[in-house]
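In: any chance you can model this:
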Amino acid sequence: MASIRRTLSPAHNDRPYQNGTAVSSPYSPASQKLLPNGNSKYQSVTHLPLFSALSLLSRRGWRRSFYQCLVFLLLGFLFGMTPFGNIETDIQTQDFTLPDLKPPFVNAQLDDQSINSVSLTIDKSLEDQINELEPRKQLIIVTPTYNRAFQAYFLNRLGQLLRLVKPPLLWIVVEEKSASFETAEILRKTGVMYRHLLTAVNSSSVKDRGVHQRNAALEHMERHKLDGIVYFADDDNVYSLELLESLRGISRFGTWPVAMLAPSKNKAILEGPICNGTQVIGWHTNEKSKRLRRFHVDMSGFAFNSTILWNPKRWKRPNRNPIRQLDTVKEGFQETTFIEQVVEDESQMEGTPPGCSRIQNWHLHLDTKNLVYPRGWLLQKNLDVILPIR
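Out: All right, here's what the predicted structure looks like:
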């Protein structure tokens, strides 16, 4: 099929009119003013859309377009703010009431004692929580012991008490020369962290025996640099849990009064410090033979910081000799001669509890030399008299 398409010749582009209408040619002299390049014959066709937009704005004007956009914007804003439907009734049907924030009713007729008791309970619970977060000092309990009738009873009683004390706690038990199987078994069953030590010195005197055993424990703490509060707790004394818990509050040297049963066992004797708060201002003593002592304290009536033994620079101790108990002094003077090596005077002591007005341990002086007890606490044979069951 033959094509009837007819290409326009370049000669027809010079016509000012086409099909009876005037055509504004982009190559006319008038349009060349709008083009950046005056040579319109060689101008690129890519500039035609930009030229059309500029010519449209120049003919219609930008103000009309701006006013139209502004009118539509206002109409949209008004439609958006116009309420549709019954919104008030919808909101009223829903319950948006806030909860009652008034405090509960308190009966004003309650007495002050009940209110004070509640507040004290809260304060104590908060104090306990704070104390739990703080690290506790280690307690080092030194107990000399030897084979006798009540040894198992004394060690079991003291071990059960130490189990109730909050850790950390180290129980150092010292025997003479050889460790007995019965003592080791008792220590294992208590559940308390312990160290079973021996002393090489064998003495028949009870006074000298205790001195050498305590010195063996002091040497062990000094050699291993154990850090804690040292307390000499003989196995035949009676101690309160409150006393052991209060030992952790001692900084350098603490002391307290001790109730003792006199050797005649017909009266009680009070021996220890007289305090004004925690300051030691005097001493209790009932025995005339002991009034020559510098410090009137029982062996179970004081405790001290173990770092004094191996860190003299911290406590500014002038004498750097090892601190030990002396077996060359008379009975009853071991305490004061030992304390004189630890502190200089009462100003370096702390009375506990404040006021030193409470008895927290008792020294009973129980003598069990003549009592017979079975070896290993086991009965090897039946009793002599057997009563049959009727």
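
In: tell me where the stretch 101-250 of the chain has strands.
Out: Under the criterion DSSP state E, counting those that start in this stretch, the stretch 101-250 of the chain contains strands at 139-144, 169-176, 194-199, 229-232, 238-239.

In: where does the stretch 51-200 of the chain have low pLDDT?
Out: Within the stretch 51-200 of the chain, the segments meeting pLDDT under 70 span 51-61, 84-133.

In: all the helices of it, residue numbers only.
Out: Remark: helices assigned in the stretch 51-200 of the chain by DSSP state H, counting those that start in this stretch are 62-81, 87-93, 112-133, 151-163, 181-190.

In: kindly present the strands of the stretch 101-250 of the chain as a markdown table, with separate columns for mean neighbour count.
Out: C-beta: built from backbone N, CA, C; applies to glycine. Shown next, in a markdown table, are the strands of the stretch 101-250 of the chain (neighbours: other C-beta atoms under 10 Å):
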| stretch | mean neighbour count |
| --- | --- |
| strand 139-144 | 24 |
| strand 169-176 | 22 |
| strand 194-199 | 17 |
| strand 229-232 | 23 |
| strand 238-239 | 16 |
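
In: in CSV: those, plus distance to Gly277.
Out: Conversion of the strands of the stretch 101-250 of the chain to CSV gives the following (distance: least, C-beta to C-beta, whole Å):
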stretch, distance to Gly277
strand 139-144, 24
strand 169-176, 28
strand 194-199, 36
strand 229-232, 20
strand 238-239, 24
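
In: closest to Pro273 out of those strands?
Out: For Pro273, the closest of the strands of the stretch 101-250 of the chain is strand 229-232, at 16.0 Å, according to C-beta to C-beta.

In: dump the closest one to CSV, restricted to CA.
Out: Coordinates of each C-alpha in strand 229-232 appear next as CSV, following Å, rounded to 0.1, in the frame of the first residue of the first chain:
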residue,chain,number,x,y,z
ILE,A,229,38.3,-9.8,115.5
VAL,A,230,40.0,-12.2,117.9
TYR,A,231,38.1,-13.6,120.9
PHE,A,232,39.4,-16.1,123.5
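
In: on that earlier part again, closest to Gly351 out of the strands of the stretch 101-250 of the chain?
Out: strand 229-232 (15.5 Å).

In: contacts for the closest one, please.
Out: Applying C-beta atoms under 8 Å, 6 or more residues apart in numbering, the external contacts of strand 229-232 come out as 137-142, 214, 221, 244, 247-248, 250, 299-300, 303-306.

In: can you list the strands that it pairs with?
Out: Strand 229-232 pairs in its sheet with strand 139-144 (parallel), strand 302-305 (antiparallel), by DSSP bridges.

In: columns distance to Phe150 on top of those strands, output as JSON lines?
Out: Rendered in JSON lines, the data for the strands paired with strand 229-232 read as follows (distance: least, C-beta to C-beta, whole Å):
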{"stretch": "strand 139-144", "distance to Phe150": "14"}
{"stretch": "strand 302-305", "distance to Phe150": "25"}
